[in-house]
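Novice: coordinates only, sequence not included:
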């Protein structure tokens, strides 16, 4: 059975002592530029700088005491690894993180900084999965998949829950889509709380596997995509895809130029740091492939983790 | 008579319909790094991206209808020019802005974008003052000095007023000092509302005229200072200096390296964009020349206007 609004509400209670209730920001320049009333749900201000903490935290605190004692594990080089490490640290249990040995030093340090126990492997999916399976067997730790996990999905949905509580009357809610954890959780929360709300996803044109999956009616895997939005490289999962099929109105693709221009504009005008993946959601409004003019639009700003030494503008 | 707390409270009422009540942010990483409980008063989220809007707005709305009809004028190439242009636009009166002809295009466009009527002049103080005097004579517009103006000082003080309302029990409040408008307004509000609060200013080491002025007991002008904190190049004024003498505990100088490191750290960890002048206030805590460990410290984040094409890190 797919997760329900009730599961998301329980997740919200579960993570409430640990996660930030992030602010919703508005900006007059942005509204004028995009021709709509925009409400930014600022998950860049979340712990570890991304919404990923919600799902990881919900998964960690959903474990029984016995399961928890053996720890959690995952393979990730991104925000999920940091999020899982921090959530495990809070609960006082080990987090085993498999990372490719070519991951950026800053990401290794971040995971280690949150107390994650890192095992390096070759930078292939096969090596990651083999290494993770070995750790799982040796430690008995529970694997927490970055998005294809019910507790992760419901945890991510708590951001939309808060946004809808804080801003009544939204016409549209936009989230970026990678593996679909954030999008599916957002879609459940939004469509159950507010009948008729339009759930729209932004996806990079050059990593449009989710767009193509919806067209095809089956999961099309993402093969070596190249995009500045490095949080959106993954393929949809078996749990996230049907939720998205059922509840998401459409996926709008955004060009690389549109992502970068949106990101820069938000930095300049709203004075908040958003990562390229978040700019993909703004890009849906920026490129105006669909008409959302005059509407009340909530946008999930997924995170703010950017290497300041490698800005795309 | 110097401005009073009552004047600042009146300013707060006057600008309330026009200015943002900016949020106060906290960040666990920042607290740990700096060893204190930090409360960031986010004037980077203010209109025009800086606290300057408060003072300009208060000055514009303090004019009589007759004065207002003739407009306002100033010479500035920075945030004050934009702030005055926007405040004048809101009241529906002209703002005549004298700018050096070598001012960055982005600043010219910003002032023009807010409806400011720009007169260019040679990039010397003499040319600026002569040009401004001519405009004043021709138009009858009221000169609004960027800091040596009572309404500007009390307007800037409203940021501290809000901060102290939102965060009870502050031990220390830190603001950057350039001409002293923000610092003097902050000092009046803070010391009147909360007896015993320590008011501390941050100033670039390489533009330390305010520091030297306090030592000397008289205004030492700033002569061709060079610092990345380009909002803090000006000298103290006759109105701001005595207030600072009376109410500010000390001015702490911050190295250029300290300013840049503080700025980068705040961007990376708190995900908000602060300009170098704001990083000077953080730098007071960063460089630990004075011991503020364990204290509740309010920091006025003066603004977030940064040229993203010319970052210092």
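Specialist: Arrived safely, thanks for sending. Everything numeric here is computed off the predicted structure, so don't read it as measured data.
Novice: my guess is residue A:150 meets residue A:4, correct?
Specialist: No: taking contacts as CB atoms under 8 Å, residue A:150 lies outside contact range of residue A:4: 10.3 Å. Every residue, glycine included, has its C-beta placed from N, CA and C.
Novice: for residue A:183, which non-adjacent residue is closest in space?
Specialist: Distances taken as CB to CB, 6 or more residues apart in numbering or on different chains place residue A:177 nearest to residue A:183, at 4.5 Å, with adjacent residues excluded.
Novice: quickly list the domain ranges of chain A.
Specialist: Using automatic domain parsing, the domain parsing of chain A gives A:5-50+A:150-301, A:53-143.
Novice: in a markdown table, list these along with mean neighbour count and mean pLDDT.
Specialist: Formatted as a markdown table, the domains of chain A follow (neighbours: other CB atoms under 10 Å in any protein chain shown; pLDDT from 0 to 100):
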| stretch | mean neighbour count | mean pLDDT |
| --- | --- | --- |
| domain A:5-50+A:150-301 | 22 | 97 |
| domain A:53-143 | 20 | 95 |
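Novice: JSON lines for these, including distance to residue B:172?
Specialist: Listed next are these as JSON lines, based on distance: least, CB to CB, whole Å:
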{"stretch": "domain A:5-50+A:150-301", "distance to residue B:172": "24"}
{"stretch": "domain A:53-143", "distance to residue B:172": "28"}
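Novice: so is residue A:178 in a helix, a strand, or just coil?
Specialist: Using DSSP: H, G, I helix; E, B strand; the rest coil, the structure places residue A:178 in coil.
Novice: thinking again about what came up before, which ones are touching the residue nearest to residue A:183?
Specialist: A:183, A:201-203, A:210, A:232, A:236, A:244, A:251 (CB atoms under 8 Å, 6 or more residues apart in numbering or on different chains).
Novice: same thing with residue A:247?
Specialist: Neighbouring residues of residue A:247 by CB under 8 Å, 6+ apart: A:184, A:187-188, A:190-191, A:199.
Novice: any idea how far the residue nearest the centre of chain A is from chain B?
Specialist: The centroid of chain A falls nearest to residue A:182 when counting by CA atoms, centre = their mean (4.5 Å). According to CB to the nearest CB, to the nearest Å, residue A:182 and chain B sit 17 Å apart.
Novice: where does the most far-flung residue of chain A relative to its centre sit: helix, strand or coil?
Specialist: Distance from the C-alpha centroid of chain A peaks at residue A:138, with 29.5 Å (CA atoms, centre = their mean). The local conformation at residue A:138, judged by three-state DSSP, is helix.
Novice: run through the neighbouring helices and strands of the helix or strand where residue A:135 lies.
Specialist: If you go by DSSP states H and E, residue A:135 is part of helix A:125-139. Applying 3 or more CB pairs under 8 Å, 6 or more residues apart in numbering or on different chains; DSSP states H and E, we find helix A:125-139 packed against strand A:72-75, strand A:95-100, strand A:117-121.
Novice: and chain A, which of its residues are near chain B?
Specialist: A:23, A:25, A:28, A:42, A:44-45, A:47, A:49, A:264, A:267-268, A:270-274, A:304, A:308-309, A:311, A:313 (CB under 8 Å from any CB of the partner chain).
Novice: stretch A:124-141: how far from the chain's middle?
Specialist: Centre-to-centre, stretch A:124-141 and its host chain are 23 Å apart (CA atoms, centre = their mean, to the nearest Å).
Novice: contact partners of that stretch?
Specialist: The contact list for stretch A:124-141 (CB under 8 Å, 6+ apart) reads A:70-75, A:94, A:96, A:98, A:100, A:119, A:121, A:143.
Novice: show me which pair in those residues is furthest apart.
Specialist: Largest separation among the contacts of stretch A:124-141 by CB to CB: A:70 and A:100, giving 24.5 Å.
Novice: now the residue of the stretch 151-300 of chain A found nearest chain B: phi and psi?
Specialist: For the stretch 151-300 of chain A and chain B, the shortest gap (CB to the nearest CB) falls at residue A:271, measuring 3.7 Å. Taking degrees, to the nearest 10, you get phi 70, psi 20 for the backbone angles of residue A:271.
Novice: wait, it touches residue B:44, no?
Specialist: Yes: counting by CB under 8 Å, residue A:271 does reach residue B:44; the two are 4.4 Å apart.
Novice: need the overlap of contacts for these two.
Specialist: Counting by CB under 8 Å, 6+ apart, the residues touching both residue A:271 and residue B:44 are B:272-274, B:304.
Novice: ok, and which of those reach chain A?
Specialist: Counting by CB under 8 Å from any CB, the members of these near chain A are B:272-274, B:304.
Novice: need those in a markdown table with distance to residue A:297 and secondary structure, can you?
Specialist: Listed next are those as a markdown table, based on distance: CB to CB, whole Å; DSSP: H, G, I helix; E, B strand; the rest coil:
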| residue | distance to residue A:297 | secondary structure |
| --- | --- | --- |
| B:272 | 22 | strand |
| B:273 | 23 | coil |
| B:274 | 27 | coil |
| B:304 | 24 | coil |
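Novice: contacts only, for residue A:88.
Specialist: Contacts of residue A:88 (CB under 8 Å, 6+ apart): A:60, A:71-72, A:94-95, A:115-116.
Novice: so it is in which element?
Specialist: For residue A:88, the element it lies in under DSSP H and E is helix A:79-91.
Novice: what angle do that helix and strand A:95-100 make?
Specialist: 160 degrees (axes from the mean of the first three to the mean of the last three CA atoms, to 10 degrees).
Novice: next, the angle from helix A:79-91 to strand A:117-121.
Specialist: Angle of helix A:79-91 versus strand A:117-121, following the same axes, to 10 degrees, is 150 degrees.
Novice: ok, for residue A:164, nearest residue in space, not its chain neighbours?
Specialist: The shortest distance from residue A:164 to any non-neighbouring residue, by CB to CB, 6+ apart, is to residue A:193 (5.0 Å).
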